[in-house]
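A.B. asks: Mind looking at a prediction? Sequence and model below.
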Amino acid sequence: MTLTKRDKAIIKDLNRFRVMDRDSIAELHFKGLKNPRYASNNVLLRLIREDQIQRSTAFVPYVYFGPEVSMKKNSAKIGHFLAIVNVYKEILQLGELETFLVEPKYGRKGECAEPDIFCQYRKTNFFIEVQRTLYSEKQMNEKLDRYVDLFNSKIMADPFPHVLILSDQRYAIDGTYPFRILQAPSFTQFLQMLQPKTQPTAPIQSEIKSNLKMKTN
């Protein structure tokens, strides 16, 4: 069997994001076609028959897994990874997304922060926490303390990324941190919070620094 360029791109994304729903695959890889969902269904079905990918029918639309992913078909983490995919699609539509890593690992497991996302958008680095469940104050402080450990480890080159918490819940962040902590319900709303507005090509870094009125905790 010969995989097409699109087949390989789909499999690469499935391995990167761990799991994706049919509609997201259609949006990212079949954009511009007359019927993206129909086209994606046909390709995904073929890839399943060729044992290139896996599928779970426990969700509507169905969700798909890459060949390198070992995850239960009803895993509680599926919703979390689908939320990460949605953040990716959102930022991609905003433009100038240079890097997007899903759950990158820094240092030994359990010793430093394990962000949901590392991305570079408009020349600015972010660690993004996609917070779908409500954390207690203690849990959030422990999570942020791990970012302090990562900061102190010097694994990350300067400047240290901003930590952006995407959640409908706004957390009361106690203490002083050696990096910027930002909160918003979505990445789009985060950008809308930045004042003053600058040209779309300007680095976000300068917008954050110049906005003295912006609430960061």
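C.D. replies: Ah, there it is. Numbers count the residues shown, from 1 in each chain.
A.B. asks: okay, CA-based contacts and neighbour counts for the rest of this
C.D. replies: Fine.
A.B. asks: can you give me the helices for this structure?
C.D. replies: 5-17, 22-29, 36-49, 78-94, 137-153, 187-193, 204-210 (DSSP state H).
A.B. asks: looking at those, which is closest to C119?
C.D. replies: Checking the helices of the chain against C119 by Cα to Cα gives helix 78-94 as the closest, at 9.3 Å.
A.B. asks: Can you pull out the low-pLDDT segments for this structure?
C.D. replies: Applying pLDDT under 70 to the chain flags residues 110, 195-217.
A.B. asks: who touches A58 in this structure?
C.D. replies: 73-74 (Cα atoms under 8 Å, 6 or more residues apart in numbering).
A.B. asks: can you give me phi and psi for D51?
C.D. replies: Summarising the backbone geometry of D51 under the convention degrees, to the nearest 10, its torsions are phi 60, psi 30.
A.B. asks: For the helices of the chain, please prepare CSV with the additional fields distance to P115.
C.D. replies: CSV is the format used below for these (distance: least, Cα to Cα, whole Å):
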stretch, distance to P115
helix 5-17, 14
helix 22-29, 22
helix 36-49, 30
helix 78-94, 11
helix 137-153, 9
helix 187-193, 16
helix 204-210, 20
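A.B. asks: Figure out which of the ones you listed is closest to V60.
C.D. replies: If you check each of the helices of the chain against V60 by Cα to Cα, helix 22-29 wins as the nearest, at 8.7 Å.
A.B. asks: Remind me what that closest one packs against, helices and strands.
C.D. replies: Contacts defined by 3 or more Cα pairs under 8 Å, 6 or more residues apart in numbering; DSSP states H and E place helix 22-29 against helix 5-17, helix 36-49, helix 78-94.
A.B. asks: now the longest one against helix 5-17, angle please.
C.D. replies: To tie it back to what came earlier, the one meant is helix 78-94. Orientation note: helix 78-94 sits at an angle of 120 degrees relative to helix 5-17 (axes from the mean of the first three to the mean of the last three Cα atoms, to 10 degrees).
A.B. asks: what does the second one give?
C.D. replies: Compare the direction of helix 36-49 with that of helix 5-17 by the same axes, to 10 degrees and you get 80 degrees.
A.B. asks: quick one: helix 36-49 to chain centroid distance?
C.D. replies: 25 Å (Cα atoms, centre = their mean, to the nearest Å).
A.B. asks: TSV for the helices and strands packed on helix 22-29, including mean neighbour count?
C.D. replies: Conversion of these to TSV gives the following (neighbours: other Cα atoms under 10 Å):
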stretch	mean neighbour count
helix 5-17	17
helix 36-49	15
helix 78-94	17
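A.B. asks: Switch those over to a markdown table; also include distance to S153.
C.D. replies: Compiled in a markdown table, these are given as follows (distance: least, Cα to Cα, whole Å):
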| stretch | distance to S153 |
| --- | --- |
| helix 5-17 | 26 |
| helix 36-49 | 43 |
| helix 78-94 | 26 |
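A.B. asks: looking at these, which is closest to Y62?
C.D. replies: helix 36-49 (9.8 Å).
A.B. asks: Cool, thanks, signing off.
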